[in-house]
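1. generate a structure from the sequence data that follows.
(one chain, ligands or ions: 1)
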Amino acid sequence: MTRLIGIVALVAGLVLPAAVSAQSRLNVVAATEDLASLAREVGGDRVNVEAIARGYQDPHFVEAKPSFILKLQKADLLIVVGRELEIGWLPPLIQQSRNAKVQVGAEGYLDASQSVKILDIPTGQITRAMGDVHPLGNPHYWMDPENGRIIAREVADKLSQFRPGDRVYFEQRLADFNRRLTEAGKRWYADMAPYKGTKVVTYHRSFPNFAERFGLDIVGYVEPRPGIPPSPSHTLELIQEMKRLNIRLVLVEPYFDLKTPEAIGRATGAQVLVVPPSVGGVKEATDYLALFDYNIKLLVNAIKAAGGK
Ligand SMILES: [Zn+2]
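-> The predicted structure is shown next:
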């Protein structure tokens, strides 16, 4: 009997660590640092989260590296922005990972664009053959914190599906994130309120959701179409329009060449402002809330310096 107990204890001792390690952290891979940040908010210490694209890279055009495949090989969950944002680089990586869990449509594949508010949905026929990289509507939707709230909810549901025993933990984390987002939001809206309706130009169409939420009016783009580099004729038209409307600000994502925006700035007197649309786009944007903290402060200071609206 003693011997039997000894054997049971021995077996339990061998089995238990294995059982614990089976319940070890879920491996989450996010296509972008924004989604990674939201996954960390909800997943806490029950998940390992890694991002593929860095926030200082153009998320439409990411150079595929073998290390990305390794990340995907061990992923339990892959979260993507969707709306074809990653179509130029992610699908071959998913295939080459040969990880059944994260193939498109599998349980471990979460397209974060399913329930959020999507702007710029094309009315006519738009194809990528025309060079437009937003054929399914604007994929930069995480720039509205209310969409961030929806994404966090979806991540919590998905994590709970994988780990039903941790549902309460994920729900608590989500509630805490939502509380902090609401608090921060009050500050952001109050800071931006005096500048509602400020007209700006942006390089790429990264900011429509942000502009709608915070009351900016985007009247033009340095790119003639999303993903198409500036052309001399378009730039001249934009300069005329900016002079006519007295536009004081040009917002540029960190990964675009500043040559054309600076030429526009010289011709119009507008200030060129580098605004990160993603976590990690500048060193201060360390997580999802910090991204908005940074951008709101940057914009308020720039609008004030430009003399109000
Ligand atoms: Zn885009």
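
2. tell me the buried residues in stretch 60-77?
-> Applying a neighbour-count criterion of 16 or more other Cβ atoms under 10 Å, the buried positions in stretch 60-77 are 60, 62, 68, 69, 71, 72, 75, 76, 77. Every C-beta, even on glycine, is put in place using the N, C-alpha and C of the backbone.

3. endpoints of that stretch, how far apart?
-> Between the opening and closing residues of stretch 60-77 lies a distance of 21 Å (Cα to Cα, to the nearest Å).

4. stretch 263-280 now?
-> First-to-last distance for stretch 263-280 - Cα to Cα - comes to 27 Å.

5. how about the helix ranked longest in the chain: buried residues?
-> For the chain, the helix that runs over the most residues, judged by DSSP state H, is helix 167-192. Of the residues in helix 167-192, 169, 170, 173, 174, 177, 181, 184, 185, 188, 192 count as buried by neighbour count, 16+ other Cβ under 10 Å.

6. need the next SSE after the lowest-mean-pLDDT helix or strand in the chain, C-terminal direction.
-> Across the helices and strands of the chain, mean pLDDT, DSSP states H and E gives its lowest value to helix 2-22, namely a mean of 49. The element immediately downstream of helix 2-22 (helix or strand, assigned by DSSP states H and E) is strand 26-30.

7. which residues touch that next one?
-> Contacts of strand 26-30 from elsewhere in the structure, counted by Cβ atoms under 8 Å, 6 or more residues apart in numbering, are 36, 38-39, 43, 46-52, 71-72, 74-80, 102, 159, 162-163.

8. returning to what we had before: for the longest helix of the chain, packing partners?
-> With contacts defined as 3 or more Cβ pairs under 8 Å, 6 or more residues apart in numbering; DSSP states H and E, the secondary structure elements packing on helix 167-192 are helix 33-43, helix 145-162, helix 208-214, helix 288-305.

9. mind doing that once more with 6 Å?
-> Here helix 167-192 is seen to pack against helix 33-43, helix 145-162, helix 288-305 when contacts are counted using 3 or more Cβ pairs under 6 Å, 6 or more residues apart in numbering; DSSP states H and E.

10. out of those helices, indicate the one that is most buried.
-> Mean neighbour count (mean count of other Cβ atoms under 10 Å) peaks for helix 33-43 among these, with a mean of 27.

11. now do that one: distance to the chain's middle.
-> Here helix 33-43 shows a centroid-to-chain-centroid distance of 10 Å under the convention Cα atoms, centre = their mean, to the nearest Å.

12. again, but for stretch 191-210
-> In terms of Cα atoms, centre = their mean, the centre of stretch 191-210 is found 17 Å from the chain centre.

13. now do the end-to-end distance for it.
-> With Cα to Cα applied, stretch 191-210 spans 14 Å between its terminal residues.

14. SS state for residue 142?
-> Here residue 142 is helix, with the state taken from DSSP: H, G, I helix; E, B strand; the rest coil.

15. mind showing which ranges of this protein have poor pLDDT?
-> Applying pLDDT under 70 to the chain flags residues 1-22, 126-130, 308-309.

16. centre-most residue in it?
-> Nearest to the centroid of the C-alpha atoms of the chain, with distances taken as Cα atoms, centre = their mean, sits residue 34, at 3.7 Å.

17. list the contacts for that residue?
-> 142, 278, 279 (Cβ atoms under 6 Å, 6 or more residues apart in numbering).

18. can you confirm residue 68 is in a strand?
-> No: secondary structure assignment (three-state DSSP) places residue 68 in helix, not in a strand.

19. quick one on the thing from earlier: tell me which of the contacts of strand 26-30 fall in helices.
-> Where the contacts of strand 26-30 overlap with helices, as defined by DSSP H, the overlap consists of 36, 38, 39, 43, 71, 72, 159, 162.

20. who's in contact with the fourth one?
-> It refers to residue 43. Going by Cβ under 6 Å, 6+ apart, the list of residues near residue 43 reads residue 159.

21. rerun that using 8 Å as the cut-off
-> Going by Cβ under 8 Å, 6+ apart, residue 43 touches 26, 28, 49, 155, 159, 170, 173.

22. my guess is residue 224 contacts residue 231, does it?
-> Yes: at 5.7 Å, residue 224 counts as touching residue 231 under the criterion of Cβ atoms under 8 Å.
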